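*Asks:* Take this sequence and fold it.
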Amino acid sequence: MKLITLFLISTFTGLSLFFYQQKPLKQSLIDGKEIYTDFCMQCHMTNGEGVPGAFPPLANSDYLEDVDKTIHALKFGLKGPITVNGKPYDSVMVSQGLDDEEIADVMNYILRNWGNSTDEIITEERISTIQK
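*Replies:* Residues are numbered from 1 along each chain as shown. As a prediction, this is how the structure comes out:
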């Protein structure tokens, strides 16, 4: 009986923590928009179009198709040449010091705006798997 009770308590606690930690997509998008405004908009502009020759677009961006590569750039920064929508860029994006939850939120926001579309929900857990 004690074993069954312990099992049920452990299962309920584990499930409760799992569901509690999963932020609803709607809230992630609200938080992501705020993070984008505070950290990303200065270079990538309000509408995600970037600055030609300097900062690549996020709007309709083929670079975003590789989600893990994009997460890596947000998490650790990016330096050196890249190609976005067939155009070369060679500048520096420093790490903004965002935590995993903030990166997940801004990724969810970017991947659902300016012509970008996905059904995938980026989670804090996924961000944590991306290593330098």
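
*Asks:* my guess is K75 meets I103, correct?
*Replies:* Yes - counting by CB atoms under 8 Å, K75 touches I103, with 5.9 Å between them. Every residue, glycine included, has its C-beta placed from N, CA and C.

*Asks:* Which neighbours do those two have in common?
*Replies:* Common neighbours of K75 and I103, using CB atoms under 8 Å, 6 or more residues apart in numbering, are I127.

*Asks:* Look at the two and report which has more neighbours.
*Replies:* Between K75 and I103, counting by other CB atoms under 10 Å, I103 is the more crowded of the two (23 against 20).

*Asks:* can you pull the pLDDT of that one?
*Replies:* Note on I103: pLDDT of 98.

*Asks:* got the contact list for it?
*Replies:* So I103 contacts 71, 74-75, 127 (CB under 8 Å, 6+ apart).

*Asks:* Can you pick out the most distant pair from those?
*Replies:* Spatial extent of these (CB to CB) is set by the pair L74 and I127 at 8.5 Å.

*Asks:* joint contacts of the two?
*Replies:* With CB under 8 Å, 6+ apart as the test, L74 and I127 both reach 103, 107.

*Asks:* mind listing the strands in this protein by residue range?
*Replies:* 78-84, 87-93 (DSSP state E).

*Asks:* closest one to D66 among these?
*Replies:* strand 78-84 (10.8 Å).

*Asks:* What segments of the protein are helices?
*Replies:* 2-21, 25-35, 41-44, 67-76, 100-110, 124-129 (DSSP state H).
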